[in-house]
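1. Following is a predicted model, sequence given first.
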Amino acid sequence: MVGLRPAAQKDRFLVLSNQGDLEARNVVIATGPYQRPQIPRLSAGLPHDLLQLHASEYRNPAALPAGAVLVVGSGASGCQIADELLEAGRHVYLSVARHHRVPRRYRGWDVFWWLLALGRLDATVDDSPETLRTIRLLYTGVHGGYDIDFRGSAAKGMTLLGHVSDARDGRLALVPDLEESLRTGDQAFEEFLRAADEYASRSGTDDPAPLIDSRPAPVTGRMDTNREIDVRAAGIRSVIWATGYSLDFGWVELPVFDARGEPIQRRGVTAARGIYFLGLKRQYKLKSSFLFGVGEDAAYLAECIEVGNCERERP
C-alpha cells in the first residue's frame, strides 16, 4: 500500500497501491502497532565506530564484532537477545527498565490461559490505567523454553544497569533505578502468583504442588549502580536497541491523527465516516493487538459497519 486519501466522490476513499488503485466507502487500517523500529535520539551521542542495531536487525552473536555488547531494553526481545549473547560467551551489559513480569507457565497452565482466566487481558480503556499496564513475558524458547530471571542472568556474568537516560561523548548516563526496577518486577510476579492461587482455589482447578518458588534470588551477580558508563572503557563494541516500535501512518492523508501521529479513535472508529483502525495497542482491550484478541475487535467493527451503528463510538 502506498497511500490512502479521499476520493473525488464524497464519502469514498482512494487506496493507492503498486498493484493498482481501489475505491471504497469503508477502509479498515489493520497494519498493526509495530511498524517503525524505534531507536532513541540519544544514540547519536555514542562513538561513530560503534555498531548500533535495532533488535529487529539482530541475527546472531557471530554477526557482531568482538567485544562486549550493550543491550538497551528489558522486554521480551531485549532479554532473549541478551540471554543468547551471554550463552555464546559474550560479555553482556543489559539496561533494565521498570517491568511487570509473570511466569511462562504456572500450575501446569500457560500464562495466557491465566491472563484470560483472571480477566487481565479483557481490561478496557475505560478501566484504571493500572489494569492496562504492560506485562512483560521474560522467557525464551531455547532448550525447550524457560523463564529469564535478571538476577539469575547477573549471577551467570551479565552486568545489569539502570535505564539509559542520555549519551554524550561516548558516555551513557544511567538512572540509578536498577534495584527499584527489579523490585517492581518481583512484586508483580508475586502478585500474579497470589491471584492465580486464589483463582485455582475458588474454581476447583487447584494443583496441590505449584512448581514455582516466587522468592527472588539473592543478588549475587553483577549489578552496576553507577550513574554513567564509558562505553570504550567498558569494552563495548556493539549496542542493540531493544526499544520497541512506533507507528507509521505517513501514507494516510486523512485528518484522523493527533499531534503525535496517533490515531484518534474509539474502539477503532474515527471521526471520519468510513475510516477504521484495527490491531492497535490497547485499542479497546489489553489484548487488542494480540493475534487471539484482535478478532473480537474485528467482529465489533464488522457489525458496526454492516448495521451502521458506529456513531456512538465516534471521537
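-> Great, that's in hand.
2. For my notes, confirm Ala233 occurs in a helix.
-> No. Ala233: not assigned to a helix; according to DSSP: H, G, I helix; E, B strand; the rest coil it is coil.
3. so how many other residues sit close to it?
-> By the measure other C-beta atoms under 10 Å, the count of residues near Ala233 is 9. C-beta coordinates here come from the backbone N, C-alpha and C atoms, glycine included.
4. got the contact list for Thr140?
-> 79-80, 83-84, 146, 148 (C-beta atoms under 8 Å, 6 or more residues apart in numbering).
5. Show me just the buried residues among those residues.
-> Buried members of these, counted by 16 or more other C-beta atoms under 10 Å: 79-80, 83-84, 148.
6. circling back to that earlier point, filter the contacts of Thr140 down to the ones in strands?
-> Among the contacts of Thr140, the members found in strands (DSSP state E) are Tyr146.
7. Need the contacts of Thr140 in CSV (columns: distance to Gln35 and pLDDT).
-> Below are these laid out as CSV (distance: C-beta to C-beta, whole Å; pLDDT from 0 to 100):
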residue, distance to Gln35, pLDDT
Cys79, 23, 94
Gln80, 21, 96
Asp83, 26, 96
Glu84, 25, 97
Tyr146, 31, 87
Ile148, 26, 89
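8. farthest pair in the contacts of Thr140?
-> Glu84 and Tyr146 (12.8 Å; C-beta to C-beta).
9. returning to what we had before: can you list the contacts of Thr140 in a markdown table and add distance to Arg98?
-> Compiled in a markdown table, the contacts of Thr140 are given as follows (distance: C-beta to C-beta, whole Å):
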| residue | distance to Arg98 |
| --- | --- |
| Cys79 | 14 |
| Gln80 | 19 |
| Asp83 | 20 |
| Glu84 | 23 |
| Tyr146 | 23 |
| Ile148 | 16 |
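10. where do the strands sit along the stretch 101-250 of the chain?
-> In the stretch 101-250 of the chain, the strands defined using DSSP state E, counting those that start in this stretch lie at 105-106, 109-110, 139-140, 146-147, 159-161, 164-168, 171-174, 222-223, 228-230, 236-241, 245-246.
11. Which stretch among the ones you listed approaches Gly3 most closely?
-> strand 245-246 (19.5 Å).
12. Against which helices or strands is that closest one packed?
-> strand 36-37 (3 or more C-beta pairs under 8 Å, 6 or more residues apart in numbering; DSSP states H and E).
13. Sheet-wise, list the partners of the strand it packs on with their directions.
-> strand 245-246 (antiparallel) (DSSP bridges).
14. Downstream of the partner strand, the next helix or strand is which one?
-> strand 275-277 (DSSP states H and E).
15. any low-confidence regions in the stretch 51-200 of the chain?
-> Along the stretch 51-200 of the chain, segments meeting pLDDT under 70 span 128, 130-132, 134.
16. Which residue ranges make up the domains of the protein?
-> Domain assignment of the chain by automatic domain parsing yields the ranges 1-35+247-315, 38-245.
17. The stretch 51-200 of the chain: helices as residue ranges?
-> 76-87, 111-117, 150-155, 178-203 (DSSP state H, counting those that start in this stretch).
18. how about the ones you listed in CSV, adding distance to Trp251?
-> Below are the helices of the stretch 51-200 of the chain laid out as CSV (distance: least, C-beta to C-beta, whole Å):
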stretch, distance to Trp251
helix 76-87, 26
helix 111-117, 33
helix 150-155, 39
helix 178-203, 37
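19. show me what contacts Gly268?
-> 28, 276-278, 280, 283-284, 297, 300-301, 313 are the contacts of Gly268 under C-beta under 8 Å, 6+ apart.
20. could you redo the last one with a cut-off of 6 Å?
-> Residues counted as contacts of Gly268 (C-beta atoms under 6 Å, 6 or more residues apart in numbering) are 276-278, 283, 297, 301.
21. ok, and the most crowded of the residues you listed?
-> Tyr276 (27 neighbours).
22. what are the bridge partners for that residue, then?
-> Beta-bridge partners recorded for Tyr276 (DSSP bridges): Val28, Val269.
23. Would you mind confirming that it makes contact with Glu303?
-> No. Look at Tyr276 against Glu303 with C-beta atoms under 6 Å: they stay out of range, at 11.9 Å.
24. Now do the shared contacts for those two.
-> By C-beta under 6 Å, 6+ apart, no residue touches both Tyr276 and Glu303.
25. circling back to that earlier point, could the contacts of Gly268 be laid out in TSV, adding pLDDT?
-> Output for the contacts of Gly268, formatted as TSV (pLDDT from 0 to 100):
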residue	pLDDT
Tyr276	96
Phe277	97
Leu278	97
Gln283	92
Asp297	95
Leu301	95
